[in-house]
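Engineer: make a model of this:
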Amino acid sequence: MNYKILSSIIVTLLFCLVFQNSAIAQEEKESEGRHFISVTFAQTYIPKGTNQDNLNHKGHFVPGIGFDYLYKIKPRFELGVMADIELGRYIIPHKEDLERDHALVLVGVATYTLLPSWNAFVGGGIELERHHNLGVLRMGTEYNFAIGNNWSIPVGIFYDLKEGYDSWSISVGLGRSF
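Structural biologist: Numbers count the residues shown, from 1 in each chain. The predicted structure follows:
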C-alpha cells in the first residue's frame, strides 16, 4: 500500500472540505430527488496482481461493471450501496497464491457533497469470490456531469483497501436521480 498517495488524497479532500463554504454560493439548480441510481463501467488496476499465464509480471488491469444506489438523507449527505463485478481472473502472489475469479464487491458507503455535482465517499464491505472472501475499505470521489432531466454521467476514482492487496479504479457511467 502506498501511504504517500493515500495521504495526499486525504489531505486534498480535507482541504476541499475546509474551504468549501467560500466556494459554494449557489444551491443546486435543479430539484433533484432523494434517490440516485447508476450503472458504471470501470477499469481496475491491481498493483500486486498478475495474469494467471504470467506470474512474474506485476500489475494487472481488470474491467468491471457496477451498480450504485444512493439515498439523500440531508442536502449534503447520502448513504448507499455500491455493487461491482470484476470481469476477470488474476492471482495475488504470496506464499499461498490468492486467486480471484469474477469477484463481486459489495460496499456500503456514506457520501458528502463537496461542491455541486462533486462528492467524496467512504465505506466498507466485502469482496465475495469462490476461493476466498475478503473485507474491503473503499474511499473515493465522483463528479456527476448533468445531461438534463435528472440524468447525469458519473465519473469516479476510488481506492479499495483489501485484506492482502489494494486496487485503484476509474469508472464512468449513466445515472439518474428521482
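
Engineer: when you work out contacts or count neighbours from here on, use the C-alpha atoms and nothing else.
Structural biologist: Noted.

Engineer: give me the number of residues near F67?
Structural biologist: Per other C-alpha atoms under 10 Å, the neighbour tally for F67 reads 18.

Engineer: ok, now V122?
Structural biologist: Neighbour tally, V122, other C-alpha under 10 Å: 19.

Engineer: I figured it hits A110, correct?
Structural biologist: Yes. With contact defined as C-alpha atoms under 8 Å, V122 reaches A110; the gap is 5.7 Å.

Engineer: for the closest residue in space to E142 that isn't next to it in sequence, what are its contacts?
Structural biologist: Distance criterion C-alpha to C-alpha, 6 or more residues apart in numbering; nearest residue to E142, sequence neighbours excluded, is G156 at 4.0 Å. Listed by C-alpha atoms under 8 Å, 6 or more residues apart in numbering, the contact set of G156 reads 140-143, 170-172.

Engineer: looking at the residues you listed, which are in strands?
Structural biologist: Counted as lying in strands by DSSP state E, out of the contacts of G156, are 140-143, 170-172.

Engineer: helix, strand, or coil at the spatially most central residue of the chain?
Structural biologist: Centroid-nearest residue in the chain, with C-alpha atoms, centre = their mean: F158, separated by 4.0 Å. The three-state assignment at F158 reads strand, by DSSP: H, G, I helix; E, B strand; the rest coil.

Engineer: quick check: closest non-adjacent residue to it.
Structural biologist: Using C-alpha to C-alpha, 6+ apart, the nearest residue to F158 is G140, at 3.9 Å.

Engineer: before we move on, what about V109?
Structural biologist: V109's closest residue in space is G123 (C-alpha to C-alpha, 6+ apart), at 4.1 Å.

Engineer: so the one you found: helix, strand or coil?
Structural biologist: Strictly by three-state DSSP, G123 counts as strand.

Engineer: how about it, what does it touch?
Structural biologist: 107-110, 137-139.

Engineer: how much space is there between it and G88?
Structural biologist: Taking C-alpha to C-alpha, to the nearest Å as the measure, G123 falls 24 Å from G88.
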